[in-house]
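Undergrad: below is the structure, and that's it, no one-letter string:
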């Protein structure tokens with residue numbers, strides 16, 4: 001366990017962030033390997049089938065991850081305040097709510113999957129493969145939810161190392177599962193989805209066993225499940241805020257994917273590759289964001305708002321440095337990375353994906369500010385401003401994809417995201433500057 005309410009903010013943020021960063025690298029490594037296996041073994045058409053539904057799976061899974069991260073903010077506050085009884089009750093309530101939400105969403109998504117895929121304009125050539133892949137992902141989302149909840153609870157009490165260990169295990173199982181299901185058992189794109197779910201299921205079981213043996217503070221008793229309505233309200237308020245925040249972000253991406261799916265398989269593959277590399281380039285943003293939600297939550301619980309402001313400054317320095325590195329990579333080795341990810345030599349794919357990366361990375365510094373501020377605000381109890389910002393992103397992408405794709409084709413997609421970033425950062429900066437509990441705080 002790590003107490004983030006003491007020590008130098010930059011040092012504490014770095015020490016907490018590094019295991020999460022390594023975990024993100026592992027997860028992305030699997031994603032890239034998965035893409036390469038599907039592209040190399042099954043071909044560009046199968047890769048397009050997976051890529052055409054990526055934004056949809058990110059939408060649903062992103063909501064569930066946001067929900068658990070929101071629960072973790074409340075748990076972190078109890079930990080920061082030293083309230084062990086409240087900590088256990090919040091963990092018990094989070095587990096019940098997470099199970100109910102994930103089971104309900106599994107049923108809903110499977111029932112309405114056909115009309116959803118039609119809305120996405122999935123081409124007839126890849127429809128059956130897309131359906132086979134995404135249906136398995138949705139069927140197993142409860143395991144994904146439980147793993148993310150376990151990881152979020154551990155991070156809330158300052159343990160960012162253990163989730164890394166189990167994620168590493170999951171990634172290894174995932175890769176070997178891909179090779180077995182896709183290459184040996186010839187299960188096609190559905191095999192890649194099966195490997196993902198099995199690896200998450202095993203990681204969840206092992207993580208639960210570890211928590212039970214290692215952390216007595218997290219041992220739940222029957223009385224811990226007698227939680228109050230006020231606690232449920234707080235958990236849902238923070239959880240749904242972060243869940244909808246992620247949902248709105250990914251809903252905008254679904255709107256972009258809908259436009260991309262009308263441009264043909266070459267551009268679907270190009271965007272799939274570009275987004276995989278974007279995940280790599282933006283990795284530090286998400287990691288720092290997760291750290292800042294926990295950091296702000298613990299310090300908010302401890303009444304140390306001065307440390308919250310100091311943490312924001314430290315986090316912004318880190319993400320600005322990373323932004324510069326992303327620009328450097330996109331203008332030097334982007335084509336090499338695209339070939340490595342997809343296994344393709346199609347010049348249209350390589351050129352389109354490179355254009356996307358080279359233009360968008362120039363404005364990554366705006367995204368960096370967005371991620372740090374909105375996660376910090378969630379940590380200190382401001383659930384409204386991040387939602388407003390994410391709503392601007394969602395609406396902006398929907399409007400821009402309908403306005404720009406027809407006249408400018410893929411370039412309409414490329415410019416849509418940076419435009420929305422510049423709009424959505426405005427309310428975050430204004431509210432951060434005006435926030436009364438931060439305004440007069442100074443680091444001691």
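TA: Received, thanks. What you see is a predicted model, and the numbers here were worked out from it, not measured in a lab.

Undergrad: can we go C-alpha only for contacts and neighbour counts from here?
TA: Noted.

Undergrad: can you name the residues that contact the nearest residue to residue 188 once chain neighbours are set aside?
TA: Nearest residue to residue 188, sequence neighbours excluded (Cα to Cα, 6 or more residues apart in numbering): residue 182, at 5.4 Å. Neighbouring residues of residue 182 by Cα atoms under 8 Å, 6 or more residues apart in numbering: 37-38, 41, 188-189, 191-192.

Undergrad: separation between the residue nearest in space to the middle of the chain and residue 23?
TA: When Cα atoms, centre = their mean is applied to the chain, the residue found nearest the centroid is residue 62 (5.4 Å). According to Cα to Cα, to the nearest Å, residue 62 and residue 23 sit 17 Å apart.

Undergrad: contacts only, for residue 148.
TA: By Cα under 8 Å, 6+ apart, the residues touching residue 148 are 65, 68.

Undergrad: run the chain-centre distance for the helix or strand it falls within.
TA: Using DSSP states H and E, residue 148 falls within helix 141-156. The chain centroid and the centroid of helix 141-156 are separated by 13 Å under Cα atoms, centre = their mean, to the nearest Å.

Undergrad: report the inter-axis angle for the very next helix or strand once past that helix versus helix 141-156.
TA: Heading C-terminal from helix 141-156, the first helix or strand you meet, by DSSP H and E, is helix 162-178. Angular relation of helix 162-178 and helix 141-156 on a 0 to 180 degree scale: 150 degrees, by axes from the mean of the first three to the mean of the last three Cα atoms, to 10 degrees.

Undergrad: which other helices and strands contact helix 162-178?
TA: helix 9-37, helix 141-156, helix 189-214 (3 or more Cα pairs under 8 Å, 6 or more residues apart in numbering; DSSP states H and E).

Undergrad: mean confidence for that helix?
TA: Helix 162-178 carries an average pLDDT of 85.

Undergrad: who touches it?
TA: With Cα under 8 Å, 6+ apart, helix 162-178 has contacts from 19-20, 22-23, 26-27, 30, 33-34, 37, 150-151, 154-155, 191-192, 195-196, 198-200, 202-203, 206-207.

Undergrad: next, the buried residues of that helix.
TA: 162-164, 166-175, 177-178 (16 or more other Cα atoms under 10 Å).

Undergrad: again with stretch 61-76
TA: 61-76.

Undergrad: swap in stretch 178-189?
TA: Neighbour-count burial for stretch 178-189, counted by 16+ other Cα under 10 Å, picks out 178-183, 188-189.

Undergrad: what's the burial count for residue 230?
TA: For residue 230, the count of nearby residues is 9 (other Cα atoms under 10 Å).

Undergrad: that one and residue 125, how far apart?
TA: In terms of Cα to Cα, residue 230 sits 51 Å off from residue 125.

Undergrad: cool, and residue 56?
TA: 19 Å.

Undergrad: same drill for the two, tell me which one is more crowded.
TA: Taking other Cα under 10 Å, residue 56 and residue 125 do not tie; residue 56 has more neighbours (21 against 13).

Undergrad: tell me what angle the strand or helix carrying that one forms with helix 189-214.
TA: Using DSSP H and E, residue 56 sits in helix 44-81. Orientation check (the same axes, to 10 degrees): helix 44-81 against helix 189-214 gives 20 degrees.

Undergrad: which strands and helices lie in contact with helix 44-81?
TA: So helix 44-81, by 3+ Cα pairs under 8 Å, 6+ apart, packs with helix 84-111, helix 127-139, helix 141-156, helix 229-260, helix 265-281, helix 283-301, helix 364-379.
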